[in-house]
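Colleague: Turn this into a structure:
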Amino acid sequence: MARLVGSGFGGDIWPVNPRRETVMGIPAYPTLGALPGAPDHVAVAVPSGGVVGCLEDAHNAGAHVATVFSGGYAELGTAAGGSAQTGIVDVVRRTGLRVIGPNCNGIINVPAGFALTTTATLDWPCPPGRMAVVSQSGGLGQVNVMWNAHRVGVGVSHQISSGNDADLGALDFARYLVSLPDTGAVALVLESIRSGWEFAALAVEAAERGVPLLLLKIGRSEAGARAALSHTGAVTGSDDVVDAACQEFGVIRVRDADELVDAAQLFSLRQPIRGRRLGGVSVSGGNNALLSDLAGESGFSFPALSARTSERLSPLLPDYAQIGNPLDATTAGINDPDLVVKSLSAVANDPVVDVVVSILTHVPDTIIETLREITESVDRPHVALWVGGALEKQLEPENLVRSGIPTFSRPSQLLRALESAISHHEFLIGHDRERLRAFARPQGTLGDNQRPDLALQGNLFGEFASIGLPLPAWRMAGTQEEATAAAATMGYPVALKICSPSAPHKTDFGLVRLGLADEDETGAAFDELVSAFTRSWPGAAFEVLVQRMAEPGLELLLGGRCDPVFGPVVVVGMGGVLAEVFNDRVIRLAPVSARVAEVMLRELRANQVLDGVRGASPSDVEAAAQAISDFSRWLFSLRDVLEEVDINPLIVHQKGMGVSVVDGLVTLKSQT
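Modeller: Below is the predicted model:
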């Protein structure tokens, strides 16, 4: 009540309390049924046992929406809590009443002067801004993001806490906020993403409107996931898949609330960041050098200034000054602020500059007027790196931010924010719209989808062959005679492998023999493998795979799994026995085209080996990309059947020689 009254809300407020005649001087009513009219919105703050009754009464009173602040539901992680939340969902389905929460902090609409919330995080009246915040956690969204954003000068238009998302959820609110014409960015603080396709649909609408989505996803670690579960009852899902989805959908993922607010400064600008070329001016050569180093490492540059700009600067600077970018105005600029202003204006208008950077140390308070004039006079974004303070002690960074100049105190902070902004711009102009739209609808189920038992190696190899994945000659053998005959037919050298669901990782159990050169070696290896297996797994079913040794090449890991939120994903990495040690891998949502697959290969940290290093021949990248694409489509077609699939290794031969699938392992959903 105090928040709602204090925000200046101009509509009717009807407190409901059977034990009081007034609340904060406003007449109270004993029940919802006694209200003088139909309420638009009902706020429910009663013990959880009375919530369902309140919701029934709200519907009967004519309300369309209710916010449930009460806790004691799925966030408890108990059967009782889950059952209580199901009771709320039942009311929604029976009545059509829409519910926000439970276990939430409510809604703040700054332009409307409406604060239906339990926490006092803003002083009213407060200036509205262009960033909207949606969070499942109330405190994290309201304090860490909204309050801190206002503190540094970034205005917020809306803040919505959706709590447990029992009915209306965070993604519903985000789609609404994206649709508003004055929304400059939407910040999402989520503990779970309940629907991958709805997340994609939000991203589609945001991309079409050019509205950035900033995501702070809680539960990256195992400990964080446990905390999220206990907070809102949220199952967080696989974090690496969330990263992949954000990359696919153009969502900017940040690590903490400070990074989110930093990025929001740039997205509050009316001018987007369109390039990576910076132009800077400072009176500190050391700060120039430091920023230049870090900018280069982050993919930004300070290009040489044009001849015309150099001509403009030459008469302004002392004889001992050198014209460069970033420009060092020297100590002369400390005693002559007008020198800095004119130099900054010259650099800001140079056509080689995409973003103007004022590098400030200790400055007079009057600098704000000068910087504001420069911002208004140039047609490109202007930001400040302010590493010092104000000489008169009155000017604060938030004053610059409110004047339209994003301001940062550390170079790394500035560059991270710039990277977020330019990445979003690059996504908008380069993303595959049809691919994004394809993810923005439910995948559906595939019916019976009859397939042979893919846990059997022979059936799995048959599937690989059917989708065009090349395999060296192979055959299953039940006896030594069958093994040696198969080897003679396909030609030496060969490999022998025990294939059994009891020992899926053959190499780990010593159940592989490679490079067998003749009949004697093959027969002896067969006996050794069978003896070793039957000793360890007496009575277990097994087969012996006889396989022609593949030609040498670069070993890749190719795999996939079905994520519970986003569906099937394909994974490509450097392969071999040390694949899990180096963890050099790239993930995309399946399916992928051959073009996207090649991009994945080029994103590997060790991608240089694809083109040949230390005299090695280049690998057949085109064939590898096609194999990855074919595999991903097969994976997508079996999303109702497969839990996880690994091909390790996929051998990529010399350019023009194709690829070979050497081994594979599958886990079916029925086995998990």
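Colleague: ok, F526 - contacts?
Modeller: Listed by C-beta atoms under 8 Å, 6 or more residues apart in numbering, the contact set of F526 reads A477, Q480, A483, T484, L496, V544. For every residue, glycine as well, the C-beta is placed using N, CA and C.
Colleague: Now A616. Nearest residue, chain neighbours left out?
Modeller: Leaving aside its chain neighbours, A616 sits nearest to V609 (7.4 Å; criterion: C-beta to C-beta, 6 or more residues apart in numbering).
Colleague: Surely T331 and V283 touch.
Modeller: Yes: counting by C-beta atoms under 8 Å, T331 touches V283, with 6.6 Å between them.
Colleague: tell me the contacts of the residue nearest to A616?
Modeller: Contacts of V609 by C-beta under 8 Å, 6+ apart are L554, M574, A616, S619.
Colleague: sorry, back to before: show me which of the contacts of F526 is closest to L313.
Modeller: L496 (74.8 Å; C-beta to C-beta).
Colleague: about what we covered before: is it possible to mark the buried ones in the contacts of F526?
Modeller: A477, Q480, A483, T484, L496, V544 (16 or more other C-beta atoms under 10 Å).
Colleague: what's across from the first one in the sheet?
Modeller: Note on A477: beta-bridge partners by DSSP bridges are V544.
Colleague: what's the spacing between it and Y492?
Modeller: Using C-beta to C-beta, to the nearest Å, one gets 15 Å for the distance from A477 to Y492.
Colleague: Could I get the pLDDT score of G72?
Modeller: Model confidence at G72, given as pLDDT, is 93.
Colleague: Likewise for L578?
Modeller: So, for L578, pLDDT stands at 59.
Colleague: Likewise for the one 4 residues further on?
Modeller: In this model, F582 is scored at 74, pLDDT.
Colleague: Of T331 and V283, give the one with the bigger neighbour count.
Modeller: Between T331 and V283, V283 has the larger neighbour count (other C-beta atoms under 10 Å), namely 25 against 13.
Colleague: where does D319 land in three-state SS?
Modeller: Here D319 is coil, with the state taken from DSSP: H, G, I helix; E, B strand; the rest coil.
Colleague: Count the residues that sit near it.
Modeller: 5.
Colleague: From A200, how far off is it?
Modeller: Counting by C-beta to C-beta - D319 and A200 are separated by 60 Å.
Colleague: List the contacts of L171.
Modeller: L171 neighbours (C-beta under 8 Å, 6+ apart): I193, R194, S195, E198, F199, L202.
Colleague: So for the host helix or strand of it, what gets flagged as buried?
Modeller: L171 belongs to helix 170-179 when assigned by DSSP states H and E. For helix 170-179, a neighbour-count test (16+ other C-beta under 10 Å) marks A170, L171, D172, F173, A174, R175, Y176, L177, V178 as buried.
Colleague: you'd agree the first one is up against G138?
Modeller: No: with contact defined as C-beta under 8 Å, A170 does not reach G138; the gap is 11.9 Å.
Colleague: give me the element L650 is part of.
Modeller: strand 642-652.
Colleague: Show me what that strand packs onto, helices and strands only.
Modeller: Helices and strands touching strand 642-652, by 3 or more C-beta pairs under 8 Å, 6 or more residues apart in numbering; DSSP states H and E, are strand 554-563, helix 621-637, strand 659-661, strand 664-668.
Colleague: Rounded mean pLDDT for that strand, please.
Modeller: On average, strand 642-652 scores 91.
Colleague: cool, and stretch 300-317?
Modeller: Mean predicted lDDT for stretch 300-317 stands at 94.
Colleague: What lies in contact with it?
Modeller: Residues outside stretch 300-317 that contact it (C-beta under 8 Å, 6+ apart) are 276-280, 292, 295, 323-327, 329-330, 332, 339, 342-343, 346-347, 349-353, 415, 418.
Colleague: Can you list which of those are found in helices?
Modeller: Per DSSP state H, helices hold the following members of the contacts of stretch 300-317: S292, A295, A332, L339, K342, S343, A346, V347, L415, L418.
Colleague: Just flag the most distant two among those.
Modeller: A332 and L418 (28.8 Å).
Colleague: how long is stretch 301-320 end to end?
Modeller: One end of stretch 301-320 sits 25 Å from the other (C-alpha to C-alpha, to the nearest Å).
Colleague: scratch that, stretch 42-50 is what I was asking about
Modeller: End-to-end distance of stretch 42-50: 14 Å, with C-alpha to C-alpha as the criterion.
Colleague: what's the most distant pair in the contacts of L171?
Modeller: Applying C-beta to C-beta across these, the maximum distance is between R194 and L202, 11.9 Å.
Colleague: Check which residues of the strand or helix carrying A206 are buried.
Modeller: For A206, the host element (DSSP H and E) is helix 196-209. Residues of helix 196-209 classed as buried: G196, W197, E198, F199, A200, A201, L202, A203, V204, E205, A206, A207 (neighbour count, 16+ other C-beta under 10 Å).
Colleague: For the second one, give its distance to R151.
Modeller: It refers to W197. According to C-beta to C-beta, W197 and R151 sit 36 Å apart.
Colleague: Among the ones in helices among the contacts of stretch 300-317, which one lies nearest to H382?
Modeller: Taking those together and measuring to H382 by C-beta to C-beta, the closest member is V347, at 10.7 Å.
Colleague: In contact with the closest one, which residues?
Modeller: Contacts of V347 (C-beta under 8 Å, 6+ apart): G279, G280, V281, L305, T309, L313, N325, L327, V353, V356.
Colleague: If you rank those by neighbours, which is first?
Modeller: The residue in those with the most neighbours, by other C-beta under 10 Å, is L327 (29 neighbours).
Colleague: For it, give me its contacts.
Modeller: Contact analysis of L327 by C-beta under 8 Å, 6+ apart lists G280, V281, S282, N288, L305, L313, S343, V347.
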